[in-house]
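Asker: Structure of the sequence below:
(one chain, ligands or ions: 1)
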Amino acid sequence: MRVIVLGGGVIGTTAAFELQDDGHEVTLVERNSGVGQFTSFANAGLVAPGHAFAWASPKAPKILLKSLWRNDQAFRFRPSLSPALWGWTMKFLRECTAERARINTQHKHRLCTYSRAVMHDITASGKIAYDGSDNGLLFFHRTQQTLDRGIAHMQILRDLGQEMDILDRDQVAALDPALAPAKEKIAGGIYAKTDGMGDAHKFTREMAHLFAERGGTLKTGVTVEGFDYEGDRITGVLTSSGRMEADAYVLAMGIYSPHVAKAVGVNLPIYPVKGYSITFGIAGSNLAPSVGAVDEDNLIAYSRLGDRLRVTATAEFSGYDDSHKPSDFAVMTRKIRELLPTGADYSRPDYWAGLRPMTPHGAPYLGKAGYSNLYLNTGHGHIGWTMACGSARITRDLVAGRKPEIDMTGLTLQ
Ligand SMILES: Cc1cc2nc3c(=O)[nH]c(=O)nc-3n(C[C@H](O)[C@H](O)[C@H](O)COP(=O)(O)OP(=O)(O)OC[C@H]3O[C@@H](n4cnc5c(N)ncnc54)[C@H](O)[C@@H]3O)c2cc1C
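Answerer: Just a heads-up that it's a prediction; the model follows:
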């Protein structure tokens, strides 16, 4: 079968790789000059089923409200007149009950866990260099009170089979000596030993390289503009380089998926949620972390990616603007230096901002939508790196007409 995958982020590129592996003639279309250069470029790097919690929860409305008048919040809601923002926010608020949060977390965790297994399958050959590590992830808290709340909260994931150990501050420092100098600032943590970390951009590039080497067609610098259709079938995709035809089409354009989908009557409630990241080099004299982590009280995540330390923070609702300025990174820089005083060479920061493709419930949209040959693989929000390989394998199965290996409840547009 001829398949065109639209969007060369970690999601689309991994899907193209899997579809090709299944014997299809695949074309991957990306508007940038290379793959993985947009949201998949410099994320936190955490491969984190242990952090699969839905963002829409009973606490979320209060947090968003508070962020209207405070600028130091990890969540920042910047109201605008955009109908897309208000439509999305109303749907998000409907997901903010305890029951919906529990169900949405279950759906996300199922996909994350499956994805972790598929990722191991894909990387088992050792041919894919992505600065990956399987050392687990640590979710630590500054106070006993927030640690106790974190432990109660994680029970939902434990009930789903996620392995999580509770560590006191000495055990945290023993697990990762890089945290020893700041251990008095930490009450304790939750250690998800089966989680991991790695560079999503490098992974995406490697996937694209293998894909092209095996005969896949990679079209970069080509912008998708719309679809042609007849009845219940997409008959072509309109691009800046002309019309392209295939038997099946996979939509994986992250925050831009809704734009082309809307033109053919498919409404995708996906809204950009901005985050910031800094990458520092690690020199020989640095005491760099060996375990990726989230400082839960400050919502700052970090990972070790080979000889680099990646630090990320903030969820900001400010539309499609991915600009940034040095002052956006001041708080996270101060916090990471307090935690890991000699963790990296802090003199030369590399700043970046990206836009998470968030759905109201937090799970992505996979599977057919509106047409018999249009497949969605989009809306992976804050955890798309973790979900990429599983989403790709599911797309591979669906395009071939096979039943996916996991239950799809909660993972489709329906
Ligand atoms: C600060 C931050 C930290 C994060 N941390 C983590 C983490 O630790 N772990 C985790 O699992 N996830 C994390 N994420 C989330 C993760 O990065 C995203 O979910 C994931 O990158 C989304 O991938 P994607 O391929 O759907 O989107 P993208 O990477 O945006 O890919 C979509 C592609 O489509 C292309 N495109 C768009 N429009 C067109 C068009 N018209 N024509 C052609 N091409 C087009 C774009 O150029 C882009 O390359 C984080 C995100 C951010 C912002």
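Asker: And the longest strand along the chain, what's buried?
Answerer: Longest strand in the chain by number of residues (criterion: DSSP state E): strand 345-358. Buried residues in strand 345-358, counting neighbours by 16 or more other CB atoms under 10 Å, are found at 345, 346, 349, 352, 353, 354, 355, 356, 357, 358. Any C-beta I mention is one placed from the backbone N, CA and C, and that applies to glycine too.
Asker: How about stretch 289-309?
Answerer: By 16+ other CB under 10 Å, the buried positions in stretch 289-309 come out as 289, 291-298, 300-305, 308-309.
Asker: list the contacts for residue 223?
Answerer: 31, 239, 240 (CB atoms under 8 Å, 6 or more residues apart in numbering).
Asker: if we go to 10 Å?
Answerer: Listed by CB atoms under 10 Å, 6 or more residues apart in numbering, the contact set of residue 223 reads 29, 30, 31, 32, 238, 239, 240, 241, 256.
Asker: was I right about residue 17 contacting residue 24?
Answerer: No - contact criterion CB atoms under 10 Å: residue 17 and residue 24 do not qualify, at 11.0 Å.
Asker: OK, contacts around residue 400?
Answerer: Applying CB under 10 Å, 6+ apart, one finds that residue 400 lies in contact with 1, 19, 22, 23, 24, 248.
Asker: And it, how far from the ligand?
Answerer: Residue 400 sits 21 Å away from the ligand, going by CB to the nearest ligand atom, to the nearest Å.
Asker: likewise residue 354?
Answerer: Using CB to the nearest ligand atom, residue 354 is found at 3 Å from the ligand.
Asker: nearest spatial neighbour of that residue, skipping sequence neighbours?
Answerer: residue 39 (4.5 Å; CB to CB, 6 or more residues apart in numbering).
Asker: State the distance from the one you found to residue 31.
Answerer: Using CB to CB, to the nearest Å, residue 39 is found at 13 Å from residue 31.
Asker: between the two, which one's more packed in?
Answerer: residue 39 (25 against 19; other CB atoms under 10 Å).
Asker: Surely the more buried one is in contact with residue 320?
Answerer: No - using CB under 10 Å, residue 39 makes no contact with residue 320, being 11.6 Å away.
Asker: who touches both of these two?
Answerer: Common neighbours of residue 39 and residue 320 (CB under 10 Å, 6+ apart) are 255, 272, 274, 355.
Asker: I'd like the residues you listed laid out as TSV, including secondary structure.
Answerer: Shown next, in TSV, are those (DSSP: H, G, I helix; E, B strand; the rest coil):
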residue	secondary structure
255	helix
272	strand
274	strand
355	strand
